[in-house]
Each structure stands twice: as C-alpha cells, then as structure tokens.
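Participant: Let me see the structure of the following:
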Amino acid sequence: MAKIIYITKNQEKHEAEVDNGYTVMEGAVNNDIEGIPAECGGACACATCHAYIDHSWIDKIPEMDDMEDSMLDAAYERKDNSRLTCQIEVNDDMDGLVVHIAENEY
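Facilitator: Numbers count the residues shown, from 1 in each chain. A predicted model of the protein is given here:
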C-alpha cells in the first residue's frame, strides 16, 4: 500500500491510501478525488486520467509504453511529465507519489 498525493487543478491536496496492484487512476476514482473522470475505465483509450507527475518522481515510476505515449498525444496540454494514471500500477515504492491532476473535463 502506498499513500498517493493528488493535487487538483484548484490546488486542493488529497492524500489517499492505495492498495498495491491498483492504478493511480483507480486510487483517485475509489477515493472520490475530483478531476479524473476515467471515461474508458482504465483501458488506455481516452486520456481522461491525464496527470503531471511531480518531477521528483519521474525516474521512480515505470516508463510509459508506446500505447500510453500515443494516447497522451490526445491529452490537453501534454508536458514532459505527463502520464496516464491508468497506466501506473501502485506498489510500496510509490509511497508519497505526488500527481497534479490535469484538465481532463472539457
């Protein structure tokens, strides 16, 4: 289990305990955190779970695959630290991970 820190676009901070094996997106949805509608349910098919990973964590999480990279091209305001939270599976090493939720509701 890891504590994930979600920062909304309004700069509200939410801390959630997320079980290992769940994704960062599922942690947000299961804890009613605003800003991640996750319209495709985690199938890497919509980019509505887009977030910016805190720069101090970029090298500590698994790299994105080609499918995620391609789907991020459809995300609003993609940046160098953009990730789809449905593609980041939580483990103990992610305790304290900080994600800044992007604009996902147009």
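Participant: Could you say which helix or strand holds G42?
Facilitator: Using DSSP states H and E, G42 falls within no helix or strand.
Participant: ok, now which ones touch the closest residue to it other than its chain neighbours?
Facilitator: Computed as Cβ to Cβ, 6 or more residues apart in numbering, the closest residue to G42 that is not its neighbour in sequence is C86, at 3.9 Å. Yep, even glycine has a C-beta here, placed from its N, CA and C like the rest. By Cβ atoms under 8 Å, 6 or more residues apart in numbering, C86 lies in contact with T23, V24, M25, E26, A38, C40, G42, A43, C44, C49.
Participant: now swap in N104 and tell me
Facilitator: Counting by Cβ under 8 Å, 6+ apart, N104 touches G35, I36, P37, A47, T48, C49, H50, Y76.
Participant: rewinding a little: return the members of the contacts of C86 classed as buried.
Facilitator: For the contacts of C86, a burial check counting by 16 or more other Cβ atoms under 10 Å picks out T23, V24, M25, E26, A38, C40, G42, C44, C49.
Participant: any idea which of the residues you listed is the one closest to H100?
Facilitator: Set against H100, the nearest of those by Cβ to Cβ is V24 (11.8 Å).
Participant: Distance-wise, check the closest one relative to K3.
Facilitator: According to Cβ to Cβ, to the nearest Å, V24 and K3 sit 12 Å apart.
Participant: Overlap in contacts, these two.
Facilitator: V18.
Participant: Restrict the contacts of N104 to the buried ones and give me that as a PyMOL selection.
Facilitator: To isolate the buried ones among the contacts of N104 in PyMOL, judged by 16+ other Cβ under 10 Å, type:
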select buried, resi 35+36+47+48+49+50
